[in-house]
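Asks: heads up, no residue letters with this:
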C-alpha cells in the first residue's frame, strides 16, 4: 500500500516483514497513543531500564540517566505541561521514562557530540523491549524544557531529551498517523556514493 502524505509530498509504503527480511518486532512496534489506567509492575519497569542500558554508545561513554515518573511529586504539573504542548494523551500513561543526557559525558568526534545519538539508541531499546512485553510505548518530545528541568530537578549539564510514555495498551489501538508507512528504500539509501543506485545492473 502506498500513501501520499500531503504535508511532506512523499510517497509512503507499508513494509512486508517477510519480503524485507527484518525481525517482526521492528514491524510490530508502533507509537501507541492510548493507554490503559493499569499500573505497571516495578519488575516491568526495571526490565525496560535494563534494556535501555544495553544500548551501544560512542566510546562506551553511556551518557544517559533515566528518571521513572509515575504518581510522585510533580507528575500533575508534568501532565499539565504535556497537555499544553499538545500531547495530553501522554498523561494517560502510568509511566513516563525520562531519558536524560549528561552533556559532560558524551563522546565528541568529528565536531559532534554523539551523546544525543546514544540516548536515542537507549530510547529505541526501551521501545523495542516494551513491544516484546506487549506494552504500549510512545516517545514524547513536546514539552517545555525549563518546566521539566525544574520539576525533575535536573543538575546542570543534564538535558531532558525525551520521555517514553509506557503502559498497558488501551482498549482501542491508536498510533501516530504515518505508522507503519515508510519512505521507499530507494529514496533513502544509495550504494557506494550519494547517487549510487540500489538496483542491480
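Replies: Done, it's in. Bear in mind the structure is a predicted one, so any value in this text is a computation, not a measurement. Numbering: from 1, shown residues only.

Asks: hey, which helix is longest across the protein?
Replies: helix 115-132 (DSSP state H).

Asks: Kindly spell out which helices and strands sit in contact with the very next helix or strand once past that one.
Replies: Once helix 115-132 ends, the next helix or strand along the chain (criterion: DSSP states H and E) is strand 136-140. With contacts defined as 3 or more Cβ pairs under 8 Å, 6 or more residues apart in numbering; DSSP states H and E, the secondary structure elements packing on strand 136-140 are helix 115-132, strand 158-167. All C-beta atoms are positioned from the backbone trio N, CA, C, and that covers glycine.

Asks: Do you know the pLDDT at the spatially most central residue of the chain?
Replies: Centroid-nearest residue in the chain: residue 139, 3.7 Å away (criterion: Cα atoms, centre = their mean). If you check residue 139, the pLDDT there is 96.

Asks: give the contact list for it.
Replies: Contact criterion Cβ atoms under 8 Å, 6 or more residues apart in numbering gives 31, 123, 127, 162-165 as the residues in contact with residue 139.

Asks: Out of those residues, which comes closest to residue 71?
Replies: Nearest to residue 71 among the contacts of residue 139 is residue 165, at 14.2 Å by Cβ to Cβ.

Asks: just checking, that closest one touches residue 140?
Replies: Yes - if you go by Cβ atoms under 8 Å, residue 165 and residue 140 touch, sitting 5.5 Å apart.

Asks: Nearest to residue 60, out of the helices and strands packed on strand 136-140?
Replies: Judging these by Cβ to Cβ, what sits closest to residue 60 is helix 115-132, at 9.7 Å.

Asks: Show me what that closest one is in contact with.
Replies: 25-26, 28-29, 47-48, 51-58, 61-64, 66, 97, 99-103, 105-107, 136-137, 139, 161-162, 164, 166.
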